[in-house]
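> Just to be clear, the model below is a prediction. Sequence and coordinates:
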Amino acid sequence: MELRQLKYFVKTAETLNFSEAARALFITQSTLSQQIRCLEQELGVELLQRDSHSVALTESGEHLLPIAKRTLQDAELCFTQISDLKQMLSGVLNIGISYTFAPVLTEAVNEFTKQYPGVRLNIICRTMEELLELLKKREVDFVLCFKPKNLDEEIESHILFDNQLSVIISSNHPLAGHTSLKIKDILPYRVVMPAHETQARRAFEYFFPGCTEKLNIVVEINEVNVLLDIVRATRMVTFLSEATLYQKNGLVAIPIDAPSTQMEGCVHTLKKVYRKRAADEFIRILKATNAVMERANGWLK
């Protein structure tokens, strides 16, 4: 049994499509079929049921799939630990970030790639829920997003900086001179709202239940840069984390006059799982950036 055969089997089991799996693995469909046949012959069982229209896992295939995934993860972990011990810092670092966390990442990415040119960064931007699921599946090494209200017991969160949900408007907006705003101050204005799946939207609805219906929402969008471009060019109002405006010109963040609007920026990792040295180095660099340094917490030494 070879690791590549397990890799081929896992990808085919996930896609249930030989053509799609072969494309994803950058091999021919005939090579994929042949290697899976060899694996089945060695194990003495059929792993996949095939016909001209579909592919399905057999009972043996369903039993093997989680074992194969763990075996591949353990093999990758072995390679990573040995590479780290040899001080090589090569390979790939997979980072998950939420949409509104992205602006604070630029400086860290630039510095990390200068210091460690042998490590390729694979940065995935998704919603918080999607990212934490990827973390649990070990498809990303860590996640950068704001702290959720309820956290899975497999995941631990390290607060990187303090932040708060704010009113975001253009610097020439009639409200731009205020030091704080209440929700009622926003009611006369049109609102461009973060989409439902974003953390900013969920935070708003958590902090201000029932207020969404009172707002004059004319646009909803999940792409933060487009959202900010709209707000900068109009008199529309939005609600995002204060950190989103880092190095963004023509916009201001005004605190919301409310008891609590905290949105802590966090690094999320899996408990009791080996963390790549490259991950520690990236987080160390991120913590020292101008975007984070003034409000950083000292969890990482």
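Cool, got the structure.
> what about residue 156, how many residues close to it?
The number of residues packed near residue 156 is 15, by other C-beta atoms under 10 Å. Placement of C-beta: from N, CA and C, glycine included.
> wait, it sits on residue 268?
Yes. Applying C-beta atoms under 8 Å, one finds residue 156 in contact with residue 268, separated by 7.3 Å.
> nearest spatial neighbour of residue 123, skipping sequence neighbours?
Nearest non-adjacent residue to residue 123, counting by C-beta to C-beta, 6 or more residues apart in numbering: residue 95, 5.0 Å away.
> and that neighbour, how far is that from residue 147?
Residue 95 sits 17 Å away from residue 147 when distances are taken as C-beta to C-beta, to the nearest Å.
> How about residue 91?
Applying C-beta to C-beta to residue 91 and residue 147 gives a distance of 29 Å.
> can you pull the pLDDT of residue 293?
Residue 293 is assigned a predicted lDDT (pLDDT) of 69.
> picking that back up, so between residue 95 and residue 147, which is more surrounded?
residue 95 (24 against 18).
> Give me the contacts around the helix or strand where that one lies.
Element membership of residue 95, judged by DSSP states H and E, is strand 91-97. Residues from elsewhere that reach strand 91-97 (C-beta atoms under 8 Å, 6 or more residues apart in numbering): 79-80, 83, 105, 118-126, 131, 134-135, 139-145, 276, 278-279, 282.
> Type out the ChimeraX command that picks the buried ones from those.
Burial among the contacts of strand 91-97 is assessed by 16 or more other C-beta atoms under 10 Å; the matching ChimeraX selection reads:
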select :80,83,105,119,121,125,126,131,134,135,140,141,142,143,144,145,276,278,279,282
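> Keep only those of the contacts of strand 91-97 that are in strands.
119-125, 142-145 (DSSP state E).
> Tell me which helix or strand the closest residue to residue 267 other than its chain neighbours sits in.
Leaving aside its sequence neighbours, residue 267 sits nearest to residue 158 (C-beta to C-beta, 6+ apart; 4.7 Å). Element membership for residue 158, per DSSP H and E: strand 155-161.
> Would you mark the buried spots in that strand?
Buried, per 16+ other C-beta under 10 Å, within strand 155-161: 155, 157-161.
> Which residue ranges of the stretch 51-200 of the chain form helices?
59-85, 106-115, 128-136, 183-186, 199-207 (DSSP state H, counting those that start in this stretch).
> Show me which helix or strand of the chain is least confident by mean pLDDT.
helix 290-293 (a mean of 75; mean pLDDT, DSSP states H and E).
> Name whatever forms a beta bridge with the residue positioned nearest the centre of the chain.
Per C-alpha atoms, centre = their mean, the C-alpha nearest to the average position across the chain is that of residue 96, at 2.9 Å. Beta-bridge pairing for residue 96 (DSSP bridges): residue 124, residue 143.
> now do residue 92
According to DSSP bridges, beta-bridge pairing links residue 92 with residue 120.
> 8 is where my numbering starts, stick with that
Understood, numbering begins at 8; the last thing we discussed is residue 99.
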